[in-house]
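Colleague: Compute the structure for the input listed below.
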Amino acid sequence: MSNTPEVYVLGGYQTDFGRNWTKEAKHFVAMIRESVQGGLASTGIDASEIEVAHVGNFAAELYCKQGHLGAFFLEADPAFSGLPTSRHEAACASGSIAILAAGAEIEAGRYDLACVLGFEQMKTVNPAVGGDFLGTAAWYEHEAQGIEFPFPKLFGKLGDEYDKRYGLKDEHLAAISQVNYSNARLNPNAQTRTWYMNEHHACSTGDNNPIVGGRIKISDCSQVTDGAVSLMLASRKFAEGWAERRGVALESIPRIKGWGHHTAPVRFDDKVAESRNNKYVLPHVRQTVVDAFHRAGIADVNGVDAIETHDCFTTSEYMAIDHFGITEPGESWKAVEEGKIELGGANPINPSGGLIGAGHPVGATGVRQCLDAHKQITETAGDYQVAGAKNIATLNIGGSGTTSVSFVVGVG
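Modeller: Okay, the predicted model is just below:
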């Protein structure tokens, strides 16, 4: 454990991930403004108190033909004129990298209050074009160029590698999908909250659930999503004053207790070759989780009450189960069959519905995970509340397991 200064999570705001902002004829500035203003209102913070802003976004240059995204944060409120801002990109882990950067500045004593914003507007193009854009999160020329929907195929290969090493049944992937859809029905901001999905449907293959790539079917996939999430991070000094004016105990405010961050080779085949003699298929992901636990002073996964993980596909959640240590490597199916990952289970995963159920606006996902951790700990998660939650772990992955970031958010 380190003696680095504490970073407190005061709260934030998530837009409704079911919305299509293009059909509403709204620029992403409207999305930013709603999320930031919502975060200020929910935390009782005035815009003039924000000292720095960090924006996580993957590919607005492609989806929206716009770069220089840090500067667009100023459009959220006139009080932000002159504010130092920056943009961070690490594919689907962009939001978590923005949190790491903001937290590091608070730990360094540069600022006492930071706003982290993650956003993506993805419904500006058709699915085929969007799939090609997402391919730039891989090594485009080698793994995506000229390939229809490259990422389902890459994460299908993750399932194939599990099958080769340990065996893998599609029924276990279908059960993971069903759990996430079921949880999403309890989340008022989830993209699929009104959709219907059961395990039988997820197991079936046909016109209603076609194969997208390899073993990956539509039901195995996360959603194409428009959305933005804000998160307010504070030093102990600011948190003490904020707690006093809110009439809450400092000890009740969640903080980032631990973090992990590792990067693996970009190409998926290189990752597999590197892990050939390792019991974990993606050892850098495993080390990211271990580092977060260690920095939080937690021995293992039993020290957290729930997990918000990166289920861009059911295979990535299957991987996360054993990489978090819920089971031994290759035995994730046991946790699925025993109901451990369900909302009332011993190790609930994605109470929010995750990326499959809640939605996956790429640059916002890591921020959304931490906001959901805050909701769980402050008992404001509503119908998807995990009883007695004190510590929540997250795992956010960019590319095909390339950039991995994990946080432990908790109290005590």
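
Colleague: Identify each buried residue in the helix or strand bottoming out on mean pLDDT in the chain, please.
Modeller: Least confident helix or strand, the chain: helix 199-203 with a mean of 76, by mean pLDDT, DSSP states H and E. Neighbour-count burial for helix 199-203 flags Glu199, His201, Ala202, Cys203 (criterion: 16 or more other Cβ atoms under 10 Å). Using the backbone N, CA and C atoms, a C-beta is placed for each residue, glycine as well.

Colleague: wait, the first one sits on Tyr181?
Modeller: It stands for Glu199. No - between Glu199 and Tyr181 there is no contact, the gap being 9.6 Å when judged by Cβ atoms under 8 Å.

Colleague: Who are the contact partners of the closest residue to Ala128 other than its chain neighbours?
Modeller: Of all residues not flanking Ala128 in the chain, Glu148 sits nearest, at 6.7 Å (Cβ to Cβ, 6 or more residues apart in numbering). The contact partners of Glu148, by Cβ atoms under 8 Å, 6 or more residues apart in numbering, come to Ala128, Gly131, Gly213.

Colleague: Does Glu148 lie in a helix or a strand, and which?
Modeller: Assigned by DSSP states H and E, Glu148 belongs to no helix or strand.

Colleague: that older thread, name the helices or strands packed onto the least confident helix or strand of the chain?
Modeller: Other helices and strands packing on helix 199-203, by 3 or more Cβ pairs under 8 Å, 6 or more residues apart in numbering; DSSP states H and E, are helix 170-184.

Colleague: Identify those among the contacts of Glu148 that sit within strands.
Modeller: Gly213 (DSSP state E).

Colleague: what residue ranges in this protein score low on pLDDT?
Modeller: 1-3 (pLDDT under 70).

Colleague: For it, which segments count as strands?
Modeller: 8-14, 52-56, 85-88, 113-120, 211-213, 216-217, 227-234, 255-263, 306-309, 391-398, 403-410.

Colleague: Now do the first one: everything it contacts.
Modeller: Residues lying outside strand 8-14 but in contact with it, judged by Cβ under 8 Å, 6+ apart, are 34-39, 41-43, 45, 116, 189, 227-236, 238-239, 242, 253-256, 367-368, 370-371, 373-374, 378, 409.

Colleague: thinking again about what came up before, export the contacts of Glu148 to a markdown table and tack on distance to Asn20 and neighbour count?
Modeller: Below are these laid out as a markdown table (distance: Cβ to Cβ, whole Å; neighbours: other Cβ atoms under 10 Å):
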| residue | distance to Asn20 | neighbour count |
| --- | --- | --- |
| Ala128 | 17 | 10 |
| Gly131 | 17 | 20 |
| Gly213 | 25 | 21 |
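
Colleague: Throw the contacts of Glu148 into TSV and include distance to Leu168, thanks.
Modeller: Output for the contacts of Glu148, formatted as TSV (distance: Cβ to Cβ, whole Å):
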residue	distance to Leu168
Ala128	28
Gly131	24
Gly213	16
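
Colleague: Okay, the closest residue to Ala137 other than its chain neighbours and Thr365: tell me how far apart.
Modeller: Distances taken as Cβ to Cβ, 6+ apart place Ala91 nearest to Ala137, at 3.6 Å, with adjacent residues excluded. As for Ala91, its distance to Thr365 is 10 Å (criterion: Cβ to Cβ, to the nearest Å).

Colleague: Settle it for me: which of these two has more neighbours?
Modeller: Thr365 (33 against 22; other Cβ atoms under 10 Å).

Colleague: So the more buried one sits against Glu308, correct?
Modeller: No - between Thr365 and Glu308 there is no contact under Cβ under 8 Å: 9.4 Å.

Colleague: Just the helices from the stretch 251-400 of the chain, written as ranges.
Modeller: 268-274, 283-296, 314-323, 332-337, 354-357, 365-377 (DSSP state H, counting those that start in this stretch).

Colleague: now, which of the buried residues of helix 199-203 sits nearest Val7?
Modeller: Nearest to Val7 among the buried residues of helix 199-203, counting by Cβ to Cβ, is Ala202 at 38.3 Å.

Colleague: ok, the closest residue to the closest one other than its chain neighbours - how many residues close by?
Modeller: In space, and not counting its chain neighbours, Ala202 is closest to Ala174: 3.6 Å by Cβ to Cβ, 6+ apart. For Ala174, the neighbour count with other Cβ under 10 Å is 24.

Colleague: and Ala174, what does it touch?
Modeller: So Ala174 contacts Glu199, Ala202, Cys203, Ser219, Thr314 (Cβ under 8 Å, 6+ apart).

Colleague: distance of it from Val36?
Modeller: Distance from Ala174 to Val36, by Cβ to Cβ: 38 Å.

Colleague: one step back: would you turn the strands of the chain into TSV with distance to Gly382?
Modeller: Shown next, in TSV, are the strands of the chain (distance: least, Cβ to Cβ, whole Å):
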stretch	distance to Gly382
strand 8-14	12
strand 52-56	25
strand 85-88	30
strand 113-120	21
strand 211-213	32
strand 216-217	30
strand 227-234	17
strand 255-263	22
strand 306-309	14
strand 391-398	15
strand 403-410	18
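
Colleague: dump the residue contacts of Gly359.
Modeller: So Gly359 contacts Phe17, Gly18, Ala190, Gln191, Thr192, Ser222, Gln223, Thr225, Gly227, Gly353 (Cβ under 8 Å, 6+ apart).

Colleague: I'd like those laid out as JSON lines, including distance to Ser400 and neighbour count.
Modeller: Listed next are these as JSON lines, based on distance: Cβ to Cβ, whole Å; neighbours: other Cβ under 10 Å:
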{"residue": "Phe17", "distance to Ser400": "23", "neighbour count": "27"}
{"residue": "Gly18", "distance to Ser400": "27", "neighbour count": "19"}
{"residue": "Ala190", "distance to Ser400": "25", "neighbour count": "27"}
{"residue": "Gln191", "distance to Ser400": "23", "neighbour count": "26"}
{"residue": "Thr192", "distance to Ser400": "24", "neighbour count": "22"}
{"residue": "Ser222", "distance to Ser400": "14", "neighbour count": "27"}
{"residue": "Gln223", "distance to Ser400": "18", "neighbour count": "22"}
{"residue": "Thr225", "distance to Ser400": "19", "neighbour count": "25"}
{"residue": "Gly227", "distance to Ser400": "23", "neighbour count": "31"}
{"residue": "Gly353", "distance to Ser400": "23", "neighbour count": "29"}
